[in-house]
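> model the following, please.
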Amino acid sequence: MAVDELDTRILRLLLEQPRTSVREYARVLGVARGTLQARLDRLERNGVITGTAPSLSPTALGHPVLAFVHIEVTQGHLDDVGDALAAVPEIVEAFSITGGGDLLTRVVARDNAHLEDVIQKLISLPGVVRTRTEVALRERVPHRLLPLVESIGRAVGRRQDRSS
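Here you go, the predicted structure:
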């Protein structure tokens, strides 16, 4: 989906001030509330905005250990293993990948012993051949999208300048 300069301003505001009202967003952006709402609806419909849930900290919830577990799966069992992973609460994300392994999971745990228990649970799933675990030591760049939104906005602005 192509986004324009107003879309990028809206997205930036949503990322910087996620708890503000639509009325306040419209005021800050200098657009009508109906215009803003129509843009938000379109961004949601097109999958650009995917949710409005709060961002939670696994560490604050008592799970400070973060690990990335690569899972190798028996051929033909990727969907079954993927479905089984959804039942493991400590898995906060899982992706099909290329390269070493078939799945990459992001796992949180209370401590290293708990992490080992989770890994043992994964190894025992039907269709799992082996796992490889990497423990994160420190977050260097937190999950972020604002720099990407800003980059897209600059590119849109350059295209608009060239077409003028």
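
> contacting residues around the helix or strand of the chain with the lowest mean pLDDT?
Among the helical and strand segments of the chain, the one scoring lowest on mean pLDDT, DSSP states H and E is helix 146-163, with a mean of 82. Helix 146-163 is contacted by residues 3, 4, 5, 8, 9, 11, 12, 15, 16 when judged by C-beta atoms under 8 Å, 6 or more residues apart in numbering. Any C-beta I mention is one placed from the backbone N, CA and C, and that applies to glycine too.

> these into CSV, with extra columns for distance to residue 125?
Converted to CSV, the contacts of helix 146-163 look like this (distance: C-beta to C-beta, whole Å):
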residue, distance to residue 125
3, 40
4, 46
5, 48
8, 42
9, 46
11, 38
12, 41
15, 36
16, 41
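
> what are the buried residues along the least confident helix or strand of the chain?
Neighbour counts over helix 146-163 (16 or more other C-beta atoms under 10 Å) mark 149, 152, 153, 156 as buried.

> which one of those residues is nearest to residue 128?
The shortest gap between residue 128 and any of the buried residues of helix 146-163 belongs to residue 149, at 37.4 Å (C-beta to C-beta).

> which element is the residue most central in space within the chain on?
Central residue of the chain (C-alpha atoms, centre = their mean): residue 143, 7.5 Å from the mean position. In this assignment (DSSP states H and E), residue 143 forms part of neither any helix nor any strand.
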